[in-house]
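1. Could you look at this predicted model? Sequence included:
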Amino acid sequence: MKTSSKFIVGAAVLVAGLGIAYHASNPAPDSSLPIDEQMTQILNEGGCASCHTASPELPFYAQLPVAQSLIAGHVAEGYKAFDIAPMMEAIAHDQAVNEVDLAKVEKCVMDGTMPLASYSVAHWGSALTGAKTSIALDWVKQHRAQFYPNELAAEAFKNEPIRPIPDSVPVNADKVQLGKELYHDTRLSGDGTISCASCHAIETAGVDNHQYSDGIGGQFGGINAPTSYNAVFNFVQFWDGRAATLADQAAGPPLNPVEMGSASFEEIAARLAEDAAFTKRFYEVYPEGLNQQTITDAIAEYEKTLLTPNSAFDRYLKGDEQALTAEQVEGYALFKDYKCATCHAGVNMGGLSYEMMGQRADYFKDREMNAKSGLTDADNGRWAQTGMERDRYRFKTPSLRNIALTWPYYHDGSVATLEKAIEMMAQYQVGRSMSAAEIAKVKVFLDAQTGEYQGQRLTNANPR
């Protein structure tokens, strides 16, 4: 008994000693430092750059046979999921960190999943203590308040990763009217049959609900047409991000030989110039006349008005507790628990980052096996623009606003139902399996994303 008691006392002393040593080697940053400096210290001590940058500085033992494979795997997975370099650069220059990066940091801190336990065991100063966790979460909150003030939300929801859609953004009304006409004008196409609205119809939630859109001469595009509603909130346009602005995007389809098939904007301008009344009104707004810059600028100005505020979820965020059902509130909690809100963040619930399609499982291998179809050029995603291997299969995240109306889903339009899309996202992006009950709750939450256009609830005239 005495021996046993001595052992217990000795073990307790050892544990206490280790605890004291642990906390002594892992102190929180000095609270007198600016919050950005405190956060930078936490990120550096946590070794985040060791796995989440293109060229990490690894310790000597990373080359040892026992550790090499394990560490290489962590580095590959970490960099694939999150490149931390842009965030560190933004913090260093007091600039806005991407809302998606903020959401990713917030989620992993709340879950305690970073740094990995296997890393913290060898680096005592890296682990997130309670004090460090509080600092990190406070930093996220302060950063959001500074750079993304959530003025429309109720006080309880000001720090949510998703913000309500505003009723409007500043526009030039005269340009909007011209842009509206051009958006619906088939003269932008080579044979006068296709307009912007052919693939992005206003009455069908800004899409055509086809896997691939019909182009000139009966041709088909190679990628699913995203919605034009709320596109102003995307950080870039197109799935591969090749257009920096709405105007840049508007310049693409008219000259695409598969989509609208015009030879040049000079040809388009000449066709439009035959319309004397339209030309007169156009010159009153754009004295420089009809050309690529003015035509696409007008279309972009119109697209800025394609906003769908006042969804049930937006009303909930603004403080209307009755706007969502209990099941939808549970769906939102699951949406965040399954990390959906780490990529589908901001006003548009997406459109703010490029993410790997198949982060946790090989989507393209499974699709090829199931559909017996190979990869297409469109499947390369962002890689087509950068040539960087990390960007292969990486796409701009789609908006989830009005998602119940914009089927089929994914860049390849291969998924017919929202329920299936949710199930597959959990599998391929998070590495978890959702139960049928969980899928149903997330689905009804996403149903609550349907907003209003010009004061009327958005609908889709296409049969389901």
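-> Great, that's in hand. Residues are numbered from 1 along each chain as shown.
2. After the helix or strand in which Arg144 is found, which helix or strand is next?
-> Assigned by DSSP states H and E, Arg144 falls within helix 130-147. The first helix or strand that comes after helix 130-147 along the chain, using DSSP H and E, is helix 173-183.
3. Quick check: which helices or strands does that next one pack against?
-> helix 196-199, helix 276-285, helix 292-303 (3 or more Cβ pairs under 8 Å, 6 or more residues apart in numbering; DSSP states H and E). For the C-beta atoms, the positions are set from N, CA and C on the backbone; glycine is no exception.
4. what sits up against that helix?
-> Applying Cβ atoms under 8 Å, 6 or more residues apart in numbering, the contact partners of helix 173-183 are 188, 195-197, 278, 281-282, 284-286, 295, 297-305.
5. Would you mind listing which of the residues you listed are buried?
-> 188, 195-197, 278, 282, 285-286, 295, 297-305 (16 or more other Cβ atoms under 10 Å).
6. what's the offset of stretch 31-41 from the middle of its chain?
-> 28 Å (Cα atoms, centre = their mean, to the nearest Å).
7. what's the closest non-adjacent residue to Tyr354?
-> Arg394 (4.6 Å; Cβ to Cβ, 6 or more residues apart in numbering).
8. what's the neighbour count on that neighbour?
-> Residues lying near Arg394 (other Cβ atoms under 10 Å) number 24.
9. Ok, Phe445 next?
-> 25.
10. Wait, a helix at it?
-> Yes - per DSSP: H, G, I helix; E, B strand; the rest coil, Phe445 lies within a helix segment.
11. got a list of what it touches?
-> Neighbour list for Phe445: Phe313, Leu324, Gln328, Val329, Glu330, Gly331, Tyr332, Leu334, Phe335 [criterion: Cβ under 8 Å, 6+ apart].
12. between the residues you listed, which is closest to Ala247?
-> Phe313 (29.8 Å; Cβ to Cβ).
13. Would you check that that closest one makes contact with Val444?
-> No - if you go by Cβ atoms under 8 Å, Phe313 and Val444 don't touch, sitting 11.0 Å apart.
14. what's the overlap in contacts for those two?
-> Gln328.
15. These two - which one has more neighbours?
-> Phe313 (26 against 18).
16. which non-adjacent residue is nearest that one?
-> Nearest one to Phe313, counting by Cβ to Cβ, 6+ apart, is Ala448 at 4.4 Å.
17. wait, doesn't the one you found sit right on Asn310?
-> No - using Cβ under 8 Å, Ala448 makes no contact with Asn310, being 11.5 Å away.
18. low pLDDT regions in the stretch 301-450 of the chain?
-> Flagging of the stretch 301-450 of the chain using pLDDT under 70 yields the residue ranges 371-373.
19. do that again at 90, thanks
-> 368-375 (pLDDT under 90).
20. What ranges does it have for its strands?
-> 354-356, 394-396 (DSSP state E, counting those that start in this stretch).
21. Please identify the deepest-packed of those strands.
-> Among the strands of the stretch 301-450 of the chain, strand 394-396 has the highest mean neighbour count (mean count of other Cβ atoms under 10 Å), at a mean of 24.
22. Does that strand pack against any helices or strands, and if so which?
-> Short answer (3+ Cβ pairs under 8 Å, 6+ apart): strand 394-396 packs on strand 354-356.
23. Now do the strand it packs on: which elements does it pack against?
-> Using 3+ Cβ pairs under 8 Å, 6+ apart: strand 354-356 touches strand 394-396.
24. what sits against Glu266?
-> Asn291.
25. and the helix or strand it falls within with helix 173-183, angle?
-> Glu266 is part of helix 265-273 when elements are defined by DSSP H and E. Counting by axes from the mean of the first three to the mean of the last three Cα atoms, to 10 degrees, helix 265-273 lies at 100 degrees to helix 173-183.
26. Could you export helix 265-273 as PDB, CA atoms only?
-> Only the C-alpha atoms of helix 265-273 are listed here, as PDB (Å, rounded to 0.1, in the frame of the first residue of the first chain):
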ATOM      1  CA  PHE A 265     -15.800  43.700 -80.600                       C
ATOM      2  CA  GLU A 266     -15.300  45.900 -83.700                       C
ATOM      3  CA  GLU A 267     -17.700  43.600 -85.400                       C
ATOM      4  CA  ILE A 268     -20.200  43.700 -82.500                       C
ATOM      5  CA  ALA A 269     -19.900  47.500 -82.400                       C
ATOM      6  CA  ALA A 270     -20.600  47.800 -86.100                       C
ATOM      7  CA  ARG A 271     -23.800  45.700 -85.700                       C
ATOM      8  CA  LEU A 272     -25.000  47.800 -82.800                       C
ATOM      9  CA  ALA A 273     -24.200  51.000 -84.600                       C
END
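27. tell me which residues of that helix are tucked away?
-> For helix 265-273, by 16+ other Cβ under 10 Å, it's Phe265, Ile268, Ala269, Arg271, Leu272.
28. circling back: who does the residue nearest to Tyr354 form a beta bridge with?
-> Met356, Gly381 (DSSP bridges).
29. That one and Gly381 touch, don't they?
-> Yes - counting by Cβ under 8 Å, Arg394 touches Gly381, with 4.8 Å between them.
30. hey, what's in contact with both of these two?
-> Tyr354, Met357.
31. Tell me which residue is most central in this structure.
-> Centrality entry for the chain: nearest residue to the mean C-alpha point is Gly350, 3.3 Å, by Cα atoms, centre = their mean.
32. give the contact list for that one.
-> Cys343, His344, Thr397, Pro398, Ser399, Leu400, Arg401.
33. count of neighbours near the fourth one?
-> So the one you mean is Pro398. 22.
34. What average pLDDT does stretch 165-178 get?
-> For stretch 165-178, the mean per-residue pLDDT is 98.
35. got it, and stretch 234-253?
-> Averaged over stretch 234-253, pLDDT sits at 98.
36. List the buried residues of that stretch.
-> So stretch 234-253, judged by 16+ other Cβ under 10 Å, has buried residues 234-241, 243, 246-247, 249-251, 253.
37. Could you list the residues in contact with it?
-> By Cβ under 8 Å, 6+ apart, stretch 234-253 touches 98, 196, 199, 223, 226, 231-232, 259-260, 265, 292-293, 295-297, 299-300, 303-304, 348, 351-354, 378, 380-382, 384-385, 395-396, 399, 411.
38. can you check stretch 121-128 too?
-> By Cβ under 8 Å, 6+ apart, stretch 121-128 touches 21-22, 25-26, 42, 45-47, 109, 112, 114-115, 119-120, 136.
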